[in-house]
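**Student:** Structure, please.
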Amino acid sequence: MATLVEQLLAPAIAAGRDGSVPDPATLEAIAESLAADPGALRGASPKQLHGLLSESIGGRRPDAAMQVLHDSGVLAIVLPELEATVDFSQEAGRRHKDVWEHTKTVVWQSVPKSTVRWAAMLHDIGKVPTRRFVDGGGVTFHGHAEVGERMFLRGPAQRIGFSPDEREAIAQLIRFHLRPGQYEASWTDSAVRRFAREVGPVLGDLLNLSRADVTSRRPGKRKASLRKISELGRRIRALEAEDQKPKPLPAGLGHALMAGLGLRPGPEIGQLRARLQALFDAGEIEGGREPEYYVEQVRARGLL
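**Tutor:** Alright, predicted model coming up:
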């Protein structure tokens, strides 16, 4: 027999599976029940909540599941940080630009991987405390990614039974979710490598989340944003492939050969370096080693 918590989340799970719309009377009954006794959900174990909520957003229509969670009153109890984004405007006078509607679209567009879906659902919770209105009717959310990460770690990460690895991955995805969209072709190779190192093992998930976060209704802008993210991914892969290639002989090797072998400047130094290069190209000696290694190779192989 299903537990009370399972019964309360069953409509959201069904909606997330195929987009089915629950009976309004059912949602109203759940909302009334939770209003009278919020402890019915607060008493659920973190592990149980994680399993049921992950199932609800793991199907083909996670956006429908999110709406049911809101309409039934479940969201306000288990994820109040996300509930606060409902009808919370990103741009004055543009309803489709409220954070809640944007977030539902991002989750729906995201790949069906639990970590990415959770990060997509929570990636903009930091916009609520960071919203600032500026002259001319504009809105800013400076630092919302970092604030959102802290909110996640203090709130949902404590109430929901994430594994340590999943919790860390979601936190990183929230913190870095803006970065791929900020990429420009003018970034140096060093900057791209630094970005990849900083993001670490969640890089693939981050690029997927960033693609899902493109919700513009202007086709040209959407295509440009997606193209930019894909270009960043290609550059990272190309640089990783380049970095995996054997490193060549070190600079300044000629001076090391003269000092280590007691030789004078002259054509013999160039000939020795060419012989070492041929051995490296043939895979017989290593590249990128300290100069002393190559001095020893000259002696050991009788290259003089």
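**Student:** tally of neighbours for residue 147?
**Tutor:** Residue 147 is flanked by 19 other residues according to other Cβ atoms under 10 Å. The C-beta positions use only the backbone N, C-alpha and C, and glycine is treated the same way.
**Student:** Sorry, slip of the keys, the one I care about is residue 135.
**Tutor:** 5.
**Student:** can you count the residues close to residue 220?
**Tutor:** Neighbour tally, residue 220, other Cβ under 10 Å: 8.
**Student:** Can you tell me the element it falls in?
**Tutor:** Here residue 220 sits within helix 219-244, counting by DSSP states H and E.
**Student:** among the helices and strands of this structure, which one scores worst on average pLDDT?
**Tutor:** None of the helices or strands of the chain scores lower by mean pLDDT, DSSP states H and E than helix 39-42, at a mean of 83.
**Student:** Give me the residues contacting the helix or strand that it is followed by.
**Tutor:** Toward the C-terminus, helix 39-42 is succeeded by helix 46-56 as the next helix or strand (DSSP H and E). Surrounding helix 46-56, the residues in contact under the criterion Cβ atoms under 8 Å, 6 or more residues apart in numbering are 3, 5-6, 9, 12-13, 15-16, 41, 62, 65, 68-69, 78, 114, 117-118, 159-162.
**Student:** Now helix 46-56 - C-alpha only, PDB.
**Tutor:** Provided in PDB are the C-alpha atoms of helix 46-56 (Å, rounded to 0.1, in the frame of the first residue of the first chain):
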ATOM      1  CA  PRO A  46      15.200  12.900   2.800                       C
ATOM      2  CA  LYS A  47      15.800   9.700   0.900                       C
ATOM      3  CA  GLN A  48      12.100   9.200   0.200                       C
ATOM      4  CA  LEU A  49      11.700  12.800  -1.000                       C
ATOM      5  CA  HIS A  50      14.700  12.500  -3.300                       C
ATOM      6  CA  GLY A  51      13.400   9.400  -4.900                       C
ATOM      7  CA  LEU A  52       9.800  10.700  -5.400                       C
ATOM      8  CA  LEU A  53      10.900  14.100  -6.700                       C
ATOM      9  CA  SER A  54      13.500  12.700  -8.900                       C
ATOM     10  CA  GLU A  55      10.900  10.400 -10.400                       C
ATOM     11  CA  SER A  56       8.500  13.200 -11.000                       C
END
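**Student:** Report the buried residues of that helix.
**Tutor:** Neighbour-count burial for helix 46-56, counted by 16 or more other Cβ atoms under 10 Å, picks out 48, 49, 50, 51, 52, 53, 54, 55, 56.
**Student:** cool, stretch 261-279 as well?
**Tutor:** The neighbour-count check on stretch 261-279 (16+ other Cβ under 10 Å) flags 269, 272, 273, 276, 279 as buried.
**Student:** what about the strands in the stretch 51-200 of the chain?
**Tutor:** 132-134, 138-140 (DSSP state E, counting those that start in this stretch).
**Student:** same for the first one, what does it pack against?
**Tutor:** Contact partners of strand 132-134 among helices and strands, from 3 or more Cβ pairs under 8 Å, 6 or more residues apart in numbering; DSSP states H and E: strand 138-140.
**Student:** Just checking: what are the partner strands of the strand it packs on?
**Tutor:** strand 132-134 (antiparallel) (DSSP bridges).
**Student:** Just put the strands of the stretch 51-200 of the chain in TSV and tack on mean neighbour count and distance to residue 192.
**Tutor:** Formatted as TSV, those follow (neighbours: other Cβ atoms under 10 Å; distance: least, Cβ to Cβ, whole Å):
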stretch	mean neighbour count	distance to residue 192
strand 132-134	9	31
strand 138-140	12	27
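**Student:** right, and those - which one's nearest residue 173?
**Tutor:** strand 138-140 (22.2 Å; Cβ to Cβ).
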